[in-house]
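Enquirer: What would the 3D arrangement of this be:
(2 chains)
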Amino acid sequence: DAKTTQPNSMESNEEEPVHLPCNHSTISGTDYIHWYRQLPSQGPEYVIHGLTSNVNNRMASLAIAEDRKSSTLILHRATLRDAAVYYCILRDFGGATNKLIFGTGTLLAVQP
Amino acid sequence: NAGVTQTPKFRILKIGQSMTLQCAQDMNHNYMYWYRQDPGMGLKLIYYSVGAGITDKGEVPNGYNVSRSTTEDFPLRLELAAPSQTSVYFCASTDRGRNTEAFFGQGTRLTVV
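Expert: Residues are numbered from 1 along each chain as shown, chains lettered A, B, ... in the order given. Alright, predicted model coming up:
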């Protein structure tokens, strides 16, 4: 299974941009990069995903390196509600399977 | 639209008891997953299913069993509860395709004493 590596924790100030990095050096050519976040005492929720090109949605932007060995989740203006654990995962398509394997994630603290 | 529904939300079990954690989704998703999350840790995949009648082991399957008789339901069975199974359990579902998002339930907090 392709693995991802993220910093254990990061801090940000409210209303400032946040860049959350993820390394996935063993990514295969057909793996999509997905980001989820988990707010305190809740189940994970989808944030964004991409394959090769940068992606934007209402929650965040995803910047993918040209060699696809790393990516960065960008929160343009952090709010207190963005304090959560952010997970970067790769969709594993070994044969007919579709496992979702989570790493340890990055705990984002947002200071007022 | 209910999404993924887990029951119960909380449960306390005694060592050696058994129970079934229920998970249902109403999105007609083929793929369903069970995870456990220990305090301060990430999610570990227990079992998953790619369709009715098809299940497979994840990262930490020991002590658990699953079945998938319908597309909607994916129950997780604990036969002989142990303190090491104290955790929060999450169920998730997703449609086919590597570019589809996964939907998670709100979790079941299980304590084994």
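Enquirer: average pLDDT across stretch B:21-41?
Expert: Mean pLDDT, computed over stretch B:21-41, is 94.
Enquirer: and residue 105, what does it touch?
Expert: Looking at chain A here, since you left the chain open. Contacts were defined as CB atoms under 8 Å, 6 or more residues apart in numbering or on different chains; by that measure A:Gly105 touches A:6, A:38, A:85-88, B:42. C-beta: built from backbone N, CA, C; applies to glycine.
Enquirer: Let me rephrase: I mean chain B.
Expert: Counting by CB under 8 Å, 6+ apart, B:Gly105 makes contact with A:43, B:3-6, B:23, B:90-92.
Enquirer: try it again with 7 Å
Expert: Residues counted as contacts of B:Gly105 (CB atoms under 7 Å, 6 or more residues apart in numbering or on different chains) are A:43, B:4-6, B:23, B:90-91.
Enquirer: So which of those are in strands?
Expert: When DSSP state E defines the strands, the subset of the contacts of B:Gly105 inside them is B:4-6, B:23, B:90-91.
Enquirer: could you dump those to a markdown table with neighbour count and distance to B:Val66?
Expert: Supplementary listing: the ones in strands among the contacts of B:Gly105 in a markdown table, determined by neighbours: other CB atoms under 10 Å in any protein chain shown; distance: CB to CB, whole Å:
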| residue | neighbour count | distance to B:Val66 |
| --- | --- | --- |
| B:Val4 | 23 | 15 |
| B:Thr5 | 14 | 17 |
| B:Gln6 | 22 | 14 |
| B:Cys23 | 25 | 9 |
| B:Phe90 | 25 | 14 |
| B:Cys91 | 27 | 10 |
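Enquirer: where does chain B dip in pLDDT?
Expert: Counting by pLDDT under 70, chain B shows low-confidence ranges at B:1, B:98.
Enquirer: Buried ones among the contacts of A:Gly105?
Expert: A:6, A:38, A:85-88, B:42 (16 or more other CB atoms under 10 Å in any protein chain shown).
Enquirer: OK, now which residue of chain A is nearest to chain B?
Expert: A:Gly43 (3.5 Å; CB to the nearest CB).
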